[in-house]
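Enquirer: Predicted model and sequence below, questions to follow.
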Amino acid sequence: MLVERFGAPARGVALKSSATDMVSDADRLAERAIAELIRRERPADGLLGEEGAAAGGSSGRRWVVDPLDGTTNYLYGFPVWAVSVAVEDADGPLAGVVLDPTRDELFVASRGGGATLNGQPLSVRHGTPLEESLIATGFAYGADGRAQQARLLQQVLPRVRDIRRAGAAAIDLAWVAAGRVDGYYERGLKPWDWAAGRLLVSEAGGEVAELRGEPVGLVAGAPALVQDLLRLIHAGERQR
C-alpha cells in the first residue's frame with residue numbers, strides 16, 4: 001500500500017508536534033492495516049502505534065509499531081523510509097523487523113537468534129576507531145531541540161570521519177546492524193522509533209546504550225565505539 005502511494009500527491013497531510021512534524025493518510029492507513037492484522041492473529045497481546053493505535057493485553061507481550069518511519073522523506077519522494085514492527089515482553093524486545101520497501105530489504109532480529117538482512121546474517125562494523133567512524137544521527141522537530149543538536153554537532157563532527165542524516169531512525173539502526181555506518185546517536189526518540197532497530201543492533205553483535213538526561217536518547221554501534229561516542233556526546237553536551 002505504501003509503495004503504491006509513494007511518489008503520488010500526498011493526501012490527508014496534517015501537523016503533529018510542530019510545523020515540521022507531518023503525518024499523512026499513508027501513515028494512518030498503514031498503521032490501521034498492521035493493527036488489524038495483529039489484533040486478528042494475536043488478540044491477547046498489547047499494542048502501541050505511533051499514530052494512536054493502542055490496546056491493553058493479557059499475554060505479557062506488546063507490539064510496538066511505526067507504520068511509516070521517515071514520513072517527511074516519504075512525502076517528498078526521498079527514498080529513505082521504512083516500516084518498523086517489534087514485539088516486547090517483560091525482558092524487552094523479543095523480535096523485530098524493519099522493512100525498507102524501496103530497496104526490497106527486510107531486516108529481521110529475534111532475541112538470541114541473531115539478525116539478518118533478506119536471510120543473510122548481519123554484523124556491526126567492529127574495530128573502527130572513533131576518529132575514522134561514519135556516524136548517523138537525527139534531529140528533533142522543535143526549533144529549540146534542533147538548535148541544541150546543532151551545537152552538539154559542532155563538537156562531534158570534527159572528531160569523527162563524517163556524519164550521515166538519513167531521516168529515519170529505524171533505517172539508521174538497521175544500517176548500523178548491517179555495518180553500513182559505524183554508529184548512531186540521537187535524542188528525542190519514541191519507543192516505536194527504536195523498538196525493532198535496537199534489537200537488530202544487539203543481535204548483530206553491537207551495543208545500544210541510553211544517553212543520560214532528557215530528552216531520552218541512545219547510542220548504538222560496536223561496543224568499544226559506543227563507549228567512546230558516549231564520552232564524546234556527554235562532553236559535548238556539557239560544553240553547550
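Expert: The structure has been received and is ready for your questions.
Enquirer: And residue 5, how far from residue 205?
Expert: To residue 205, residue 5 is 36 Å away according to Cβ to Cβ, to the nearest Å. Backbone N, C-alpha and C define where each C-beta goes, glycine included.
Enquirer: Just read off the phi/psi values of the closest residue to residue 100 other than its chain neighbours.
Expert: Setting aside the residues directly before and after it, residue 100 is nearest to residue 82 in space (Cβ to Cβ, 6 or more residues apart in numbering), at 4.9 Å. Per-residue torsions, residue 82: phi -160, psi 170 (degrees, to the nearest 10).
Enquirer: Residue 82: neighbour count?
Expert: 32 (other Cβ atoms under 10 Å).
Enquirer: Quickly list what it is bridged to.
Expert: Judged by DSSP bridges, the bridge partners of residue 82 are residue 69.
Enquirer: Just the pLDDT at it, thanks.
Expert: Looking at residue 82, its pLDDT stands at 97.
Enquirer: Pretty sure it sits against residue 175.
Expert: No: in terms of Cβ atoms under 8 Å, residue 82 does not count as a neighbour of residue 175; the distance is 10.4 Å.
Enquirer: Quick check: neighbours of the strand or helix carrying residue 220 in the sheet, parallel or antiparallel?
Expert: Element membership for residue 220, per DSSP states H and E: strand 217-221. Paired neighbours of strand 217-221 in the sheet (DSSP bridges): strand 183-187 (antiparallel), strand 207-210 (antiparallel).
Enquirer: Packing partners of the helix or strand hosting residue 227?
Expert: Residue 227 is part of helix 223-238, with elements assigned from DSSP H and E. If you count contacts as 3 or more Cβ pairs under 8 Å, 6 or more residues apart in numbering; DSSP states H and E, helix 223-238 packs onto helix 143-156, strand 183-187, strand 207-210, strand 217-221.
Enquirer: Just want the angle from the last one to helix 223-238.
Expert: Okay, so that is strand 217-221. 150 degrees (axes from the mean of the first three to the mean of the last three Cα atoms, to 10 degrees).
Enquirer: and the nearest residue to residue 59 once chain neighbours are set aside, how many neighbours?
Expert: Nearest residue to residue 59, sequence neighbours excluded (Cβ to Cβ, 6+ apart): residue 44, at 4.0 Å. By other Cβ under 10 Å, the residues close to residue 44 number 10.
Enquirer: how close does residue 44 get to residue 63?
Expert: Using Cβ to Cβ, residue 44 is found at 11 Å from residue 63.
Enquirer: same deal with residue 36?
Expert: When residue 36 is compared with residue 63 (using Cβ to Cβ), they lie 12 Å apart.
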